[in-house]
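Peer 1: one predicted model, sequence on top.
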2 protein chains.
Amino acid sequence: MGRWEPDARGRLAEAALELYSERGYEQTTVAEIAGRAGLTERTFFRHYADKREVLFGGSDLLQDLFVNGVAGTPLSAAPVDALTAGLTAACAVFTDRRDLARRRQAVIAANRELRERELTKLATLSAAAADALRGRGVGEPAASLTAEMGVAVFKVGFARWIAADDERELGDWLRESLDGMRDLTAGGRAEP
Amino acid sequence: MGRWEPDARGRLAEAALELYSERGYEQTTVAEIAGRAGLTERTFFRHYADKREVLFGGSDLLQDLFVNGVAGTPLSAAPVDALTAGLTAACAVFTDRRDLARRRQAVIAANRELRERELTKLATLSAAAADALRGRGVGEPAASLTAEMGVAVFKVGFARWIAADDERELGDWLRESLDGMRDLTAGGRAEP
């Protein structure tokens, strides 16, 4: 890792998000990100493969937390309970980070390549979730369906969390979404 | 449209799929596709913007069928019943086309850019479905959740349909997936 820079990774991520928001993702260079963070390009590339990955650096952690959350439930738990545990564990990534999540999402929404990357990350997360469930003996189609439900719940709950102006945490929104899905599949209307 | 070529669009799609399967998507040129179909490049570009779109030419029709299926249900129908009608209508695209769907999916699975495109098309379909539901007075989060459930059901059911070697139609697999999702959200195991 070379010379130690206090929280270089976090400073680079914050600088990148500022610049992407101010002048657009495409118009921002790695040199500018490093400069804003008071670091060198060389340090940037020690932490991120390219300027796109700055926006997705948290997705491996998210996936690990989710998979560990699933793994921490008893094998006798129903798939939906393992899913709930995984989602709850994954929420830790976002604690006190709604403003950051909101700014990040605005940058992604403005760029087709980034939107595609986001969808790919969610598909990877879904595949990892299905793997984790199959590893616990959940059969098919239950494992794949539960994983896809998890992504659906996450997408809708996350969008509602970043759009909201109250104090509810992401986990509350995810539980609301999962409850809504239960009502809807049962033929109800899932009104908020 | 210029000079009339009997089913030029279908012949180009079949030629493209053959070539993509034989030698890979990246290694195939538009000139080769046109040549295999016995048509000119000029004719190719009358029907498709580029060689990628040959694989996704059916997605507008799929979306229209889905939205019309939703629109054809009574306004009093529960969101999940409107969803079921939309999915059932969309299945018409795939009647007697399992072999084609299977070959197409193998080409897409082998190429990152195509996989991202597929995910983007599904996200577009989800947005259109949510719009159609909101247009019927379904509120949020019910509209978005139902739309995402629809994509989840479609993804899992479609994958199982193309992997299967029995005579069941796509619609049967989608209904199985939706039933499975209902059991899972209710805390069950959705064994096949």
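Peer 2: Nice, thanks for sending it over.

Peer 1: outline the domain layout of chain A.
Peer 2: Per automatic domain parsing, the structural domains of chain A span A:8-54, A:56-185.

Peer 1: where does chain A have low pLDDT?
Peer 2: Across chain A, residues meeting the criterion (pLDDT under 70) sit at A:1-5, A:189-192.

Peer 1: tell me the most buried of the domains of chain A?
Peer 2: Among the domains of chain A, ranked by average contacts under mean count of other CB atoms under 10 Å in any protein chain shown, first place goes to domain A:56-185 (a mean of 19). C-beta coordinates here come from the backbone N, C-alpha and C atoms, glycine included.

Peer 1: contacts only, for A:Phe94.
Peer 2: Residues in contact with A:Phe94 (CB atoms under 8 Å, 6 or more residues apart in numbering or on different chains) are A:101, A:161, A:170.

Peer 1: and the first one, helix, strand or coil?
Peer 2: In terms of secondary structure, A:Ala101 is helix; the call rests on DSSP: H, G, I helix; E, B strand; the rest coil.

Peer 1: which of the contacts of A:Phe94 lies at the shortest distance from A:Phe66?
Peer 2: Nearest to A:Phe66 among the contacts of A:Phe94, counting by CB to CB, is A:Leu170 at 13.0 Å.

Peer 1: how about A:Tyr20, nearest residue that isn't a chain neighbour?
Peer 2: A:Val107 (4.4 Å; CB to CB, 6 or more residues apart in numbering or on different chains).

Peer 1: name the SS class of that neighbour, please.
Peer 2: helix.

Peer 1: surely it touches A:Leu17?
Peer 2: Yes. Between A:Val107 and A:Leu17 a contact is recorded at 6.8 Å, counting by CB atoms under 8 Å.

Peer 1: shared neighbours, those two?
Peer 2: With CB under 8 Å, 6+ apart, A:Val107 and A:Leu17 have common neighbours A:Leu55.

Peer 1: indicate which one of the domains of chain A is closest to B:Leu83.
Peer 2: Nearest of those (CB to CB): domain A:56-185, 8.4 Å.

Peer 1: tell me how far the ends of the closest one are from each other?
Peer 2: 32 Å (CA to CA, to the nearest Å).

Peer 1: now the contacts of A:Phe94 as TSV including distance to B:Arg134?
Peer 2: Formatted as TSV, these follow (distance: CB to CB, whole Å):
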residue	distance to B:Arg134
A:Ala101	24
A:Trp161	20
A:Leu170	24
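
Peer 1: just to revisit the earlier point, out of the domains of chain A, which comes closest to B:Arg52?
Peer 2: Short answer: domain A:56-185, nearest of the domains of chain A by CB to CB, at 12.7 Å.

Peer 1: so which residues make contact with the helix or strand harbouring A:Thr84?
Peer 2: Per DSSP states H and E: A:Thr84 is located in helix A:79-90. With contact meaning CB under 8 Å, 6+ apart, helix A:79-90 is reached by A:62, A:65-70, A:72-73, A:77, A:129, A:132-133, A:136, A:138, A:142-143, A:146-147, A:149-150, A:153-154, A:171, A:174-175, A:178, B:184-185, B:187, B:189-190.

Peer 1: next one: stretch A:49-58
Peer 2: Contact with stretch A:49-58 is made by A:9, A:12-13, A:16-17, A:20, A:25, A:28-30, A:33, A:47-48, A:93, A:104, A:107-108, A:113-114, A:117-118, A:121, as judged by CB under 8 Å, 6+ apart.

Peer 1: kindly provide the distance from A:Gly135 to chain B.
Peer 2: Separation of A:Gly135 from chain B (CB to the nearest CB, to the nearest Å): 16 Å.

Peer 1: typo on my end, it should be A:Thr43
Peer 2: A:Thr43 is 29 Å from chain B, by CB to the nearest CB.

Peer 1: that residue reaches A:Ala8, doesn't it?
Peer 2: Yes. Proximity of A:Thr43 to A:Ala8 meets the contact threshold set by CB under 8 Å, at 5.6 Å.

Peer 1: need the overlap of contacts for the two.
Peer 2: Joint contacts of A:Thr43 and A:Ala8 (CB under 8 Å, 6+ apart) do not exist.

Peer 1: what helix or strand does the closest residue to A:Ile108 other than its chain neighbours sit in?
Peer 2: Excluding its sequence neighbours, the residue lying closest to A:Ile108 (CB to CB, 6+ apart) is A:Leu114, at 4.4 Å. Using DSSP H and E, A:Leu114 falls within helix A:112-134.

Peer 1: cool, A:Met149 as well?
Peer 2: Assigned by DSSP H and E, A:Met149 falls in helix A:142-163.

Peer 1: may I have that helix as PDB, with CA atoms only?
Peer 2: What follows is helix A:142-163, C-alpha atoms only, in PDB (Å, rounded to 0.1, in the frame of the first residue of the first chain):
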ATOM      1  CA  ALA A 142     -37.100 -21.000  -3.900                       C
ATOM      2  CA  ALA A 143     -33.500 -19.900  -3.700                       C
ATOM      3  CA  SER A 144     -33.600 -17.800  -6.900                       C
ATOM      4  CA  LEU A 145     -37.000 -16.400  -6.200                       C
ATOM      5  CA  THR A 146     -36.000 -15.400  -2.700                       C
ATOM      6  CA  ALA A 147     -32.900 -13.700  -4.000                       C
ATOM      7  CA  GLU A 148     -34.800 -11.800  -6.700                       C
ATOM      8  CA  MET A 149     -37.400 -10.800  -4.100                       C
ATOM      9  CA  GLY A 150     -34.500  -9.500  -2.000                       C
ATOM     10  CA  VAL A 151     -33.200  -7.300  -4.900                       C
ATOM     11  CA  ALA A 152     -36.800  -6.100  -5.600                       C
ATOM     12  CA  VAL A 153     -37.400  -5.200  -2.000                       C
ATOM     13  CA  PHE A 154     -34.000  -3.500  -1.800                       C
ATOM     14  CA  LYS A 155     -34.500  -1.500  -5.000                       C
ATOM     15  CA  VAL A 156     -37.900  -0.200  -4.000                       C
ATOM     16  CA  GLY A 157     -37.100   0.300  -0.300                       C
ATOM     17  CA  PHE A 158     -33.800   2.100  -1.100                       C
ATOM     18  CA  ALA A 159     -35.500   4.500  -3.600                       C
ATOM     19  CA  ARG A 160     -38.100   5.300  -1.000                       C
ATOM     20  CA  TRP A 161     -35.600   5.800   1.800                       C
ATOM     21  CA  ILE A 162     -33.400   8.300  -0.200                       C
ATOM     22  CA  ALA A 163     -36.600  10.200  -1.400                       C
END
